[in-house]
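Q: what would the 3D arrangement of this be:
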Amino acid sequence: MKKKDNLKNLDQFIDEQYGKKGSAKRDKLDKGYREFKLGALIQEARLEKGMTQEELAEKCGTNKAYISRVENNVKDVRISTLQKIIETGLGGKLQVSIRL
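A: Sure thing, here's the model as predicted:
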């Protein structure tokens with residue numbers, strides 16, 4: 001088989017389409033990914049626990065629609081609420097780090 005010269009890995013593709021890290025377009029992409037990832041992690045943890053959105057909402061004192069919005073990255077979530085969802089609702093531990 002002939003090797004294709006136009007193949008790129010994911011990092012090369014992202015650099016080409018969105019610029020290098022630190023550019024405005026790339027920073028916007030990275031921020032959106034981090035926000036999406038948070039909702040996906042919450043959903044994954046909830047499903048691992050075998051819980052519905054409604055059950056999770058009950059445990060942490062909110063409603064199903066709010067949990068859905070958080071999981072689908074439609075709703076900004078306060079750290080205190082996030083902590084309640086993770087610790088009270090899911091029985092986990094929230095860890096936050098800062099990278100400079």
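Q: residue ranges of the helices in the protein, please?
A: Residue ranges of the helices in the chain, as given by DSSP state H, are 10-18, 24-48, 53-60, 64-71, 79-83.
Q: would you format the ones you listed as CSV with distance to residue 89, mean neighbour count and mean pLDDT included?
A: The C-beta positions use only the backbone N, C-alpha and C, and glycine is treated the same way. Below are the helices of the chain laid out as CSV (distance: least, Cβ to Cβ, whole Å; neighbours: other Cβ atoms under 10 Å; pLDDT from 0 to 100):
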stretch, distance to residue 89, mean neighbour count, mean pLDDT
helix 10-18, 33, 12, 89
helix 24-48, 8, 13, 88
helix 53-60, 4, 18, 96
helix 64-71, 8, 18, 94
helix 79-83, 10, 13, 92
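Q: in a markdown table, list those along with distance to residue 95.
A: Below are the helices of the chain laid out as a markdown table (distance: least, Cβ to Cβ, whole Å):
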| stretch | distance to residue 95 |
| --- | --- |
| helix 10-18 | 26 |
| helix 24-48 | 12 |
| helix 53-60 | 18 |
| helix 64-71 | 18 |
| helix 79-83 | 10 |
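Q: figure out which of those helices is closest to residue 97.
A: Each of the helices of the chain was scored for nearness to residue 97 using Cβ to Cβ, and the closest is helix 24-48 (12.1 Å).
Q: understood, closing this out.
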